[in-house]
Each structure stands twice: as structure tokens, then as C-alpha cells.
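Trainee: sequence and predicted structure are below.
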Amino acid sequence: MKRVFLLFLAFLVLFPSNAHAQSPQTGSITIHKEASSFDSPGLSLAGIEFQINRLSEIDVMSEAGRKALEALSAADVLKGQTLIDAPLYQRTTLEGNVGVVRFTDLPVGAYLVQELPSRTGDVSRAITSPFFVSIPYFSVDGTYYHVEGKPK
């Protein structure tokens, strides 16, 4: 038993793990959808569908990539002027009085986030404008791989 322990200890010394020193290679986007004055009264915020597309050509880990993202408009992406990956879809769940949608295990990159229309019958819901999210998100407070937002 002592020999097994010593072998294990030798293995750890010879092959140290540096997993804590590396940056995460995946992240997440959480969107909090709140009701607006344009929504039909009493309309549930559960089941609202959101779509994200990773912008294939934008390298957010480089200064040039971040500047390219700043100069880009959602309209240009929607017109097909920038390559995007296949879409991912999620529906909101109700948490309190807010609809919440989570996209997890996302590779590093820039993403276009869109709320999809969900009008049914005579009810209406205000749809948020498409917007960009960067994983990681860089701010003066630090670097965030798990981004949360409230679209306007």
C-alpha cells in the first residue's frame, strides 16, 4: 500500500496539473427577459425562444478581433456579410417573474443573440433587438466567461 502511495506521489511530481493556471475554453450566456409595457398584460415569459450564432470570423482573444466586433452591426450579420456557425436554440423558463434562458458549454468567441418572434393569436410581446455577446467578456472589473444580460 505504501508503494502505491509513493508511486502516486511520484506521478504527481513528474506530471503536475496546470489546469488551474489555464483560462477556461468554454463559457455560458444567460439572458434575463423581463416584461415590457408593449407586452399583452399577464403574458407569461416562459417559452420564449432565443437563438445564438457564433461569428466564425471574429477572434475575440485578439485586439483586432475585438475591434472588428465593435465595428460590426447585427444588421450586417443578418444580411450574410459575416460567416456564422449553425444556430443554437433555447426557450426561457420562468424564474420568479423573469424569463431566463441559458446557453452553456459555448466555445470562446463572439455570438449574435436573437429573440425569435412568438406571437400567438391576439397576444403580443415586445421582441428585443439582436445583440452581440463576447465570451470571454472583458471589462475593467475582469474577464468573464459566464456572461449574463438583460436585453432592452
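Mentor: Received, thanks. Numbers count the residues shown, from 1 in each chain.
Trainee: make it CA atoms for all contacts and neighbour counts henceforth
Mentor: OK.
Trainee: please identify the helix or strand for the spatially most central residue of the chain.
Mentor: Nearest to the geometric centre of the chain sits Ile29, at 2.6 Å (CA atoms, centre = their mean). In this structure, Ile29 sits in strand 26-33 according to DSSP states H and E.
Trainee: name the residues that touch that strand?
Mentor: Here strand 26-33 makes contact (CA atoms under 8 Å, 6 or more residues apart in numbering) with 45, 98-108, 133, 135-136, 145-151.
Trainee: which ones among the residues you listed map onto strands?
Mentor: 98-107, 133, 135, 146-149 (DSSP state E).
Trainee: go ahead and produce CSV holding the CA coordinates of stretch 82-94.
Mentor: Provided in CSV are the C-alpha atoms of stretch 82-94 (Å, rounded to 0.1, in the frame of the first residue of the first chain):
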residue,chain,number,x,y,z
THR,A,82,-20.2,37.7,-41.8
LEU,A,83,-19.8,34.0,-41.6
ILE,A,84,-21.8,32.4,-38.7
ASP,A,85,-21.9,28.9,-37.2
ALA,A,86,-25.1,26.9,-37.1
PRO,A,87,-27.7,28.3,-34.7
LEU,A,88,-28.4,27.0,-31.2
TYR,A,89,-31.9,27.4,-29.7
GLN,A,90,-33.2,27.6,-26.1
ARG,A,91,-36.5,28.5,-24.6
THR,A,92,-36.9,30.6,-21.5
THR,A,93,-38.1,29.1,-18.2
LEU,A,94,-39.9,31.2,-15.6
